[in-house]
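# Generate a structure from the sequence data that follows.
(chains A and B)
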Amino acid sequence: MARLVVLGGGVAGHTTATFAAKWLGSEHEVVVVTPNSKWNWIPSNIWVGVGQMSKEEVTFDLAPVYAKAGITYYQAKAVSLNPEGNESTDKSFVTIEYTEAGKEGQSETIEYDYIVNATGPKLNFDATPGLGDGNGQMGDNTVSVCTADHAVHASHELAKAIEKMKGGTRQKFLIGTGHGMCTCQGAAFEYIFNIEHELNKAGVRDMADMKWISNESFLGDFGMGGLHMKVGGYVVSSKLFAESLFAERNVEWLIGAHTSKVEPGKVSYELLDGTMGEEEFDFAMLIPPFAGVGLKAYAKDGADITDTVFAPNGFMKVDANYGAGAYENWKASDWPRTYQNPTYANMFAAGIAFAPPHIISKPMSSPNGTPINPTPPRTGMPSGIIGKAVAHSVCDLMTKGENAHLHEASMAEMGAACVASAGKGVFSGTAAAMTVYPVVPDFEKYPGTGRDTDYTFGEIGLAGHWIKHILHHLFIYKAKLNPGWTLIPE
Amino acid sequence: MIKDIVTYPSPLSVEYATDVRTFNENLFALIDDLKDTMKENNLDGLAAFQIGSYYNVVVVKDENGEFLELINPRLISHSGSVTTEETTAYYPGKTVPITRYESISIVYQDRDAKDKTLKASGELAIVIQRKIDYTFGATFIQRMDKEQKERFELSLEYGVDIGTADYCPTTFKRDKIITVINITMILMALNFLVSLFLSDETLLTQLWEYQLYASFGVLGLNVIYFFYAQYEGKQYTSCTSCQIGNIIGTATISLIKLSVLMVLSYMFLKP
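Residues are numbered from 1 along each chain as shown, chains lettered A, B, ... in the order given. The predicted structure is shown next:
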């Protein structure tokens, strides 16, 4: 019996572990190590953040699901990897530290035959002074919707702001990215329009000033270099679409912005043109940048080999071309296909945890040298697809031997769909549904934008909003491994 | 080399321009073509998109009449707003009032791939904004409000500014009745689907009653639609008699859908 250890229970980790458990049956063991006791459908955190859903509606307990699937579950965080074992054993192992109530801080080692790193990101609040608390957690100055608990906190702060407006005090809302190297602009985009929708519903929209702050170099970049939208029979670029949406709803914007410091009620920023400025706020939701979770790696003799296994940003190195160099040399083929670690063949990474070879958008920096550009999105659909491909590869390696063919899922050959809602009402909601193909532009295959423009478009309307609702229920149903879960696509 | 400028009604590509990644002879030739074409046509600015290239390159004349080469330009910040009469090469002979930012700040690259910034106001700011719009597949029509856009499209169609003339609209109030009919029928279809998984006779009787009442409602709405649509069409003198064909067709399609739903419900849902 061989053992597969999956680090992380998010979209990528959960997909890898559940498919591996199904395909391997009881002949091999699947272990999941994740610090969280609950699974969270993160896209719906937006609705939690405006008080339209409870935490319970977007999360569920992992333990019973893993028990049903025959997966061994540790509520713990991975601390370090010993891919060659240590002085006393030749077997690879991972050191974990429990986060489970009653066992917090206790360490243990788990040996593995194969390991999949799907830890997701560390929410690197401390990258921007004042955005974090100095101990790696979110600070007091802003709110976030990155986790269900953050979203609950955000909804309470929003309710307080609404009360103040009802009492006659104007409030300034600042929503966007909290650093020049953030991803997930789509989540912030959804949040600002959901807040706008809620303020209208509460009858206090005229008491609110709303502003968007983002590291995109144009409005509607969404971290993927833009796309075109079909709106009411017209086709427009996402830039024009976003600009008219913001103007229509009286939301101002700041783009090409690196948030350099956050203080109570005030952010300092630097723009791509070198301008420095400050923006005041009463309520701010700023997405933090992502980093690797800080896993360490040690050789058999105890030497630190973290640099060999992980890229400097803490994400795990995989079969990508990390030496592509300047922007003009970037190719679709730089992107990984199998997600296997080049040094240790029994290690894989999936979802946000793998180190991308470079960013997707055009690299840009201010005259002062500060890089300001979106980092590559690797969440949602790509995470699920990569997780499933990695599960396939690992299962084949375990059942057919180490020469088994590895399954491939390059982000330069896969499409992704995302739905950004702008209000939750059944008949009053709207959402922009967007698809891109491929996620990473392939300039050789598709001269011009690097994308197949027939499959890269967006549409806004009530139908998109219903799709978002349906996806919410569908993916939670799937993640709970209810009957027919394997038939639901990633 | 002087190039042909794409003009209406030839469509501009709906794709947005792609950023220049390689700064080589091909790029310099493109910039030269833009300059030659500007000189020939006496233009203040031209986007590569307007001469059929998909690269994000714009050439404008600055305040001194010198060429300014903007590669991969991005409009980063803006202030104020100003409305001026604009003309553009894509719509020869058309002059339209357009509101834009008064002052702008842009970042771009020069032909040596060096990052540059530029603050502009007045005429230069306006022409840069219009050209950057082209690089995103848009003309000044996307900067007009709905009413202005409709008037402009009419003037394109009839060759003169007939903003006050009557025209047959493409959307009517009667479409809302069709939306209600469609939503009701979607609910009926869901009802039918749910009934396939139920065996409780009381529940099925209730569902059948719902289908029956809903079908009467849809029938009634179709009758209202039929007469109201004709009344509404007559409010516009330029709406032709082909309206009636459209109205009959829409009502017939709706009634066919209803009939199919009710036949299926009668066969499989009715206890």
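
# shaky segments in the stretch 1-150 of chain A?
When residues are selected by pLDDT under 70, none of them lie in the stretch 1-150 of chain A.

# show me where it has helices.
A:11-24, A:45-49, A:55-58, A:62-69, A:148-166 (DSSP state H, counting those that start in this stretch).

# Which of the ones you listed sits closest to chain B?
Closest to chain B of those is helix A:55-58 (Cβ to the nearest Cβ; 22.2 Å). C-beta here means a position set from N, CA and C on the backbone, and glycine is covered the same way.

# For the closest one, buried residues please.
A:55, A:57, A:58 (16 or more other Cβ atoms under 10 Å in any protein chain shown).

# Report the central residue of chain A.
residue A:379 (4.1 Å; Cα atoms, centre = their mean).

# returning to that earlier point: got JSON lines for the helices of the stretch 1-150 of chain A, with distance to residue B:224 too?
Listed next are the helices of the stretch 1-150 of chain A as JSON lines, based on distance: least, Cβ to Cβ, whole Å:
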{"stretch": "helix A:11-24", "distance to residue B:224": "49"}
{"stretch": "helix A:45-49", "distance to residue B:224": "37"}
{"stretch": "helix A:55-58", "distance to residue B:224": "40"}
{"stretch": "helix A:62-69", "distance to residue B:224": "52"}
{"stretch": "helix A:148-166", "distance to residue B:224": "41"}
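
# Could you dump those into TSV with distance to chain B added?
As requested, the helices of the stretch 1-150 of chain A are exported to TSV (distance: least, Cβ to the nearest Cβ, whole Å):
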stretch	distance to chain B
helix A:11-24	26
helix A:45-49	23
helix A:55-58	22
helix A:62-69	24
helix A:148-166	27
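
# and the lengthiest helix in chain B, which residues are buried?
For chain B, the helix that runs over the most residues, judged by DSSP state H, is helix B:201-233. Going by neighbour count (16+ other Cβ under 10 Å), the buried part of helix B:201-233 is B:204, B:207-208, B:210-211, B:214-215, B:218, B:221-222, B:225-226, B:228-229, B:232-233.

# Then stretch A:26-39?
A:28, A:29, A:30, A:31, A:32, A:33, A:34, A:35, A:36, A:38, A:39.

# Please identify which of these is nearest to chain B.
Closest to chain B, out of all of those and judged by Cβ to the nearest Cβ, is residue A:39, at 27.8 Å.

# could you list every residue that touches the closest one?
Contact analysis of residue A:39 by Cβ atoms under 8 Å, 6 or more residues apart in numbering or on different chains lists A:9, A:10, A:14, A:59, A:60, A:61, A:62, A:65, A:479.

# For residue B:134, state which of those residues is nearest.
residue A:10 (41.8 Å; Cβ to Cβ).

# wait, doesn't the closest one sit right on residue A:121?
No: if you go by Cβ atoms under 8 Å, residue A:10 and residue A:121 don't touch, sitting 9.5 Å apart.

# Might you report the residue contacts of the nearest residue to residue B:80 once chain neighbours are set aside?
In space, and not counting its chain neighbours, residue B:80 is closest to residue B:102: 3.2 Å by Cβ to Cβ, 6 or more residues apart in numbering or on different chains. For residue B:102, the contact set (Cβ under 8 Å, 6+ apart) comprises B:79, B:80, B:81, B:82, B:121, B:125.

# Output those in TSV; the columns should cover pLDDT.
Output for the contacts of residue B:102, formatted as TSV (pLDDT from 0 to 100):
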residue	pLDDT
B:79	94
B:80	94
B:81	93
B:82	95
B:121	95
B:125	96
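
# So which residue is dead centre in chain B?
Geometric middle of chain B (Cα atoms, centre = their mean) lands on residue B:142, at 7.6 Å.

# How much space separates that one from residue A:150?
37 Å (Cβ to Cβ, to the nearest Å).

# With residue A:169 instead?
Taking Cβ to Cβ, one finds residue A:169 at 25 Å from residue A:150.

# And those two? Which one has more around it.
residue A:150 (19 against 11; other Cβ atoms under 10 Å in any protein chain shown).

# Which residue is the nearest non-sequential neighbour of the more buried one?
Residue A:150's closest residue in space is residue A:144 (Cβ to Cβ, 6+ apart), at 4.1 Å.

# Now do the buried residues in the element among helices and strands of chain B having the smallest mean pLDDT.
Every helix and strand of chain B was ranked by mean pLDDT, DSSP states H and E. The lowest is helix B:146-158, at a mean of 83. For helix B:146-158, the neighbour count (16+ other Cβ under 10 Å) marks B:151, B:152, B:154, B:155 as buried.

# cool, stretch A:370-382 as well?
A:370, A:372, A:373, A:374, A:375, A:376, A:377, A:378, A:379, A:380, A:381, A:382.

# Does residue A:173 have any beta-bridge partners, and if so which?
Residue A:173 has the following beta-bridge partners by DSSP bridges: residue A:210, residue A:283.

# Residue A:251 versus that one, what's the distance?
For residue A:173, the distance to residue A:251 - Cβ to Cβ - is 9 Å.

# where do the contact lists of the two overlap?
A:192, A:210, A:211.

# nearest to residue A:465, of those residues?
Nearest member of the shared contacts of residue A:173 and residue A:251 to residue A:465, counting by Cβ to Cβ, is residue A:192, at 15.9 Å.

# Confirm that closest one sits in a strand?
No: Residue A:192: not assigned to a strand; according to DSSP: H, G, I helix; E, B strand; the rest coil it is helix.

# Do me a favour and get the backbone dihedrals for the nearest residue in space to it that is not next to it in sequence.
In space, and not counting its chain neighbours, residue A:192 is closest to residue A:175: 4.0 Å by Cβ to Cβ, 6+ apart. Dihedral pair for residue A:175: phi -130, psi 140, per degrees, to the nearest 10.

# Please look at residue A:175 and residue A:284 and confirm they touch.
Yes: in this structure, residue A:175 is within contact of residue A:284 by Cβ under 8 Å, at 7.1 Å.
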